[in-house]
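>>> My questions are about this predicted structure, shown below with the sequence.
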Amino acid sequence: AQKITQTQPGMFVQEKEAVTLDCTYDTSDPSYGLFWYKQPSSGEMIFLIYQGSYDQQNATEGRYSLNFQKARKSANLVISASQLGDSAMYFCAMREGRRVYNFNKFYFGSGTKLNVKP
Amino acid sequence: GAVVSQHPSWVICKSGTSVKIECRSLDFQATTMFWYRQFPKQSLMLMATSNEGSKATYEQGVEKDKFLINHASLTLSTLTVTSAHPEDSSFYICSARGTRDRSTDTQYFGPGTRLTVL
């Protein structure tokens, strides 16, 4: 089974509106971390936000928030007030806990291409 | 955020030559560095994980004699593509984790290197 699933290959959003990018994950480890990265056309991977499995509250970083639903194993990224510069690929990733061999390893989803329309 | 640099940003070489790519963490000590390969419109594929001062751990299917990884210091890792062939043409991106964000084990990525083998 895939560790990280992103079911939206592409999304469109109107400038200034909010958009939700979906991510579901699969792990039996009780301790894990979830990450979102943005990859503009230049290729660099920009870290956006982190959610730990034991965190009680949803993570927020400026216009980014993570809708963490542990029972559903989902970690959706919400971008509020979309800007043209938000157009990029977005990747969801997971790291499992330190008890797991090779806990360093990140599992990446296939990505979602977000296009913000003016 | 943390800064990871990569050099060169792009390189064109002839088939049969070797190419070295450098990855540096500029503002933190990177105890672990990762090398990824990314094909157009696809997700990142982990090639190998390297810990400072020890041999790299390669993912299944990655030829360690072809992709030589050295992590000689806490701020520098190098990937050498030996006897490069056109099928090695790709986008190579490194990441680092270490003394920054220990509790989350966030990976910070370099800007990537686009390799074209003629």
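Sure, I can see it.
>>> Kindly report the residues of chain B close to chain A.
B:1, B:32, B:34, B:38, B:42-44, B:46, B:49, B:57, B:91, B:93, B:95, B:97, B:101, B:103-112, B:114 (C-beta under 8 Å from any C-beta of the partner chain). The way it works is simple: take the backbone N, C-alpha and C, and place the C-beta from them, glycine included.
>>> if we go to 6 Å?
Residues of chain B that fall close to chain A, judged by C-beta under 6 Å from any C-beta of the partner chain: B:1, B:32, B:43-44, B:49, B:104-107, B:109, B:111-112.
>>> Not counting sequence-adjacent ones, nearest residue to residue A:50?
residue B:104 (4.9 Å; C-beta to C-beta, 6 or more residues apart in numbering or on different chains).
>>> Residue A:40 - how many residues pack around it?
Neighbour count for residue A:40, taken as other C-beta atoms under 10 Å in any protein chain shown: 13.
>>> what's it in contact with, if anything?
residue A:88 (C-beta atoms under 6 Å, 6 or more residues apart in numbering or on different chains).
>>> can you check residue A:36 too?
Residue A:36 neighbours (C-beta under 6 Å, 6+ apart): A:48-49, A:77, A:92.
>>> Filter the residues of chain B next to chain A down to the buried ones.
Buried by 16 or more other C-beta atoms under 10 Å in any protein chain shown: B:32, B:43-44, B:49, B:105-107, B:109, B:111-112, out of these.
>>> Check the residue in chain A positioned nearest to chain B and give its pLDDT.
Proximity of chain A to chain B (C-beta to the nearest C-beta) peaks at residue A:45, 3.7 Å away. As summarised for this prediction, residue A:45 has a pLDDT of 95.
>>> cool, the one 4 residues further on as well?
In the prediction, the pLDDT value recorded for residue A:49 is 97.
>>> Could you export the residues of chain B next to chain A to TSV, including columns for secondary structure?
Below are these laid out as TSV (DSSP: H, G, I helix; E, B strand; the rest coil):
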residue	secondary structure
B:1	coil
B:32	strand
B:43	coil
B:44	strand
B:49	strand
B:104	coil
B:105	coil
B:106	coil
B:107	coil
B:109	strand
B:111	coil
B:112	coil
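>>> These: which two are farthest apart?
With C-beta to C-beta as the measure, no two of these lie farther apart than B:104 and B:112, at 22.5 Å.
>>> about what we covered before: give me the number of residues near the residue of chain A closest to chain B?
With other C-beta under 10 Å as criterion, residue A:45 counts 25.
>>> Just list the residues touching it, thanks.
Residue A:45 touches A:37, A:39, B:109, counting by C-beta under 6 Å, 6+ apart.
>>> Any stretches of chain B with poor pLDDT?
B:1-2 (pLDDT under 70).
>>> For the residue of it found nearest chain A, which non-adjacent residue is spatially closest?
For chain B and chain A, the shortest gap (C-beta to the nearest C-beta) falls at residue B:109, measuring 3.7 Å. Distances taken as C-beta to C-beta, 6+ apart place residue A:45 nearest to residue B:109, at 3.7 Å, with adjacent residues excluded.
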